[in-house]
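In: okay, structure incoming, though there's no sequence with it:
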């Protein structure tokens, strides 16, 4: 029987910096679970020979954050195979301009292109009509895919192979079950392009909360779906066979996964009885410490880092965005529980709530530094992301929003703020990093970690990255990696390709400058860590943030600072008004 080939090239597009160059590294920091999920689904289609027994399906995955995309080579490869397509995977709003530029080049060469991800799904789920950028993609002949791919890839491949692909595949109204779903996995050579060789998988999708700035609930749904402990064991064993033992579990909130304990018990068994060695990174909410055994088992299973959506310490801001689950009077108790488990905490913090001012933000950061024993704080602009309730409301009201999707990266002002001009807002954002990551506070963070037995080498290394990303590389730490690449010819459409006599001398200077700054920063924090370790008194270090929370939550300093803004809901601390008490007496 004669055979033929069908070649699929998957690309997670990157994002343009403010100068129009693709943000790209020798090694990137965050693995792409969308890439792993789609690759796993297509690899399954290849094994099942869904295009017929005579068709060999080849799947080639690329993450542009750590790989230079050679469009001409990919075009030649698909043509040589006699058929196939390019899949632009997991495209977020800030990645859409880059995805469109890539898609335009592939379509010019006559290669079929399919684009999916949060931008496509978010716009289709929340807007009454397609925005101009998605219409432009359709005009180019790019197929849009909204929703999740489980159970749908075979039909998509058959349509493309037969030349009958639809303009839009919309599965948002039909979320697939995850029980026994296909394993999200990538080849080892792809995983090893990520710092620390982290792979990823989702143990669940969807979120029960209603945060107005979030796109998860409108793309993956508010009804959570879960993998079983058997599924997770299959994933871990499959990765272990490739020598991969570090995992980012990408659930938006793993603490709300109903199978969390069964999954942890299975992983603990693999670790303690079968000798598996792995490390985990999770995302959780601020109420996870209330779940019996959750944090204790996180420490036991090998969770090294948790990301927590702290978002704000101002109750008024939290209520305004429907983040009612965040109880500021429980923040310290929650963070101390993570400290006792030996887990390093990342906390997200949003700048630009309607009541924020430069003065209130600076005050809040100083309160956090003094009162809360968190390790790392990451700052973001409050951004109306397409797919969120915030974006839908502004769109329907006709409120101006920046039309450039490249700026929807949580690092730019995309709409007006009632108290700050765009320039002031940018200054506040840059100042927030400098205000939190002072040398004095970095020493405090390292001393707290040392006192609790948290690995200070990990803490100092991450402090170097988080504190340096904005001032050195002018990007958010989530877009950071090891050794920045810039390809002169890969510049945003509409921006001129620079002369090599201008580009390369400047690039040499940039590399030298940034390398010197990174080295100086790393050496400074390494020396600080060693000094703390050599101090006999450092194990007994204590400060206000490490003290147990007061028995009466109303006596907590954060509660007292925001007493007037705390809603009078069930469980909220009752603020004692001294004047009222005097009258009553």
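Out: Everything's here; your move. The model shown is predicted, which means the values in this text are computed figures rather than measured ones.

In: how much space between the closest residue to residue 126 other than its chain neighbours and residue 290?
Out: Beyond its immediate neighbours in the sequence, the residue positioned closest to residue 126 (C-beta to C-beta, 6 or more residues apart in numbering) is residue 392, lying 4.5 Å away. C-beta: built from backbone N, CA, C; applies to glycine. For residue 392, the distance to residue 290 equals 32 Å [C-beta to C-beta, to the nearest Å].

In: still on that earlier bit, for the residue nearest to residue 126, grab the count of nearby residues.
Out: Neighbour count of residue 392, defined by other C-beta atoms under 10 Å: 20.

In: element containing it?
Out: Here residue 392, judged by DSSP states H and E, is contained in helix 389-397.

In: for that helix, buried residues please.
Out: Neighbour counts using 16 or more other C-beta atoms under 10 Å place 389, 390, 391, 392, 394, 395 of helix 389-397 among the buried residues.

In: next up, the contacts around the third one.
Out: Contacts for residue 391 (C-beta atoms under 8 Å, 6 or more residues apart in numbering) come out as 122, 126, 384, 385, 401.

In: picking that back up, helices and strands around the helix or strand following the helix holding residue 392, which ones?
Out: Next helix or strand after helix 389-397 toward the C-terminus (DSSP H and E): helix 422-436. In terms of contacts (3 or more C-beta pairs under 8 Å, 6 or more residues apart in numbering; DSSP states H and E), helix 422-436 is packed against strand 344-351, helix 358-371, strand 376-381.

In: now render those as TSV, adding mean neighbour count.
Out: Conversion of the helices and strands packed on helix 422-436 to TSV gives the following (neighbours: other C-beta atoms under 10 Å):
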stretch	mean neighbour count
strand 344-351	21
helix 358-371	17
strand 376-381	22
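
In: dump those into CSV; add distance to residue 302 and mean pLDDT as well.
Out: Listed next are the helices and strands packed on helix 422-436 as CSV, based on distance: least, C-beta to C-beta, whole Å; pLDDT from 0 to 100:
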stretch, distance to residue 302, mean pLDDT
strand 344-351, 13, 94
helix 358-371, 28, 93
strand 376-381, 19, 95
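
In: nearest to residue 98, of the ones you listed?
Out: For the helices and strands packed on helix 422-436, the distance to residue 98 is smallest for strand 376-381, at 19.7 Å, taking C-beta to C-beta.

In: that closest one pairs with which strands?
Out: When sheet partners are counted by DSSP bridges, strand 376-381 sits next to strand 344-351 (parallel).

In: grab the nearest non-local neighbour of residue 539.
Out: Distances taken as C-beta to C-beta, 6+ apart place residue 451 nearest to residue 539, at 6.0 Å, with adjacent residues excluded.

In: I'd say that neighbour and residue 543 touch.
Out: No. The pair residue 451 / residue 543 is not scored as a contact, 9.3 Å apart, by C-beta atoms under 8 Å.

In: higher neighbour count, the two?
Out: More neighbours surround residue 451 than the other of residue 451 and residue 543, with 18 against 13 (other C-beta under 10 Å).

In: got the phi/psi numbers for that one?
Out: Note on residue 451: backbone dihedrals following degrees, to the nearest 10 are phi -60, psi -30.

In: which residues sit in contact with it?
Out: By C-beta under 8 Å, 6+ apart, the contact list for residue 451 reads 538, 539, 540, 541, 542, 546.

In: if we use 7 Å, what do you get?
Out: By C-beta atoms under 7 Å, 6 or more residues apart in numbering, residue 451 lies in contact with 538, 539, 541.

In: same question for residue 384.
Out: By C-beta under 7 Å, 6+ apart, the residues touching residue 384 are 390, 391, 394, 401, 414, 415.

In: in TSV, list those along with distance to residue 484 and pLDDT.
Out: As requested, the contacts of residue 384 are exported to TSV (distance: C-beta to C-beta, whole Å; pLDDT from 0 to 100):
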residue	distance to residue 484	pLDDT
390	32	93
391	31	95
394	34	95
401	30	97
414	25	97
415	30	96
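
In: got JSON lines for the contacts of residue 391, with secondary structure and distance to residue 423 too?
Out: Formatted as JSON lines, these follow (DSSP: H, G, I helix; E, B strand; the rest coil; distance: C-beta to C-beta, whole Å):
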{"residue": "122", "secondary structure": "helix", "distance to residue 423": "28"}
{"residue": "126", "secondary structure": "helix", "distance to residue 423": "30"}
{"residue": "384", "secondary structure": "coil", "distance to residue 423": "19"}
{"residue": "385", "secondary structure": "coil", "distance to residue 423": "22"}
{"residue": "401", "secondary structure": "strand", "distance to residue 423": "18"}
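
In: of those residues, closest to residue 242?
Out: Among the contacts of residue 391, residue 122 lies closest to residue 242 (C-beta to C-beta), at 32.6 Å.

In: dump the buried residues of helix 389-397 to TSV, plus distance to residue 29.
Out: Putting those into TSV (distance: C-beta to C-beta, whole Å) gives the following:
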residue	distance to residue 29
389	29
390	27
391	27
392	31
394	31
395	32
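
In: if anything else comes up later, I'll come back, but that's it for now.
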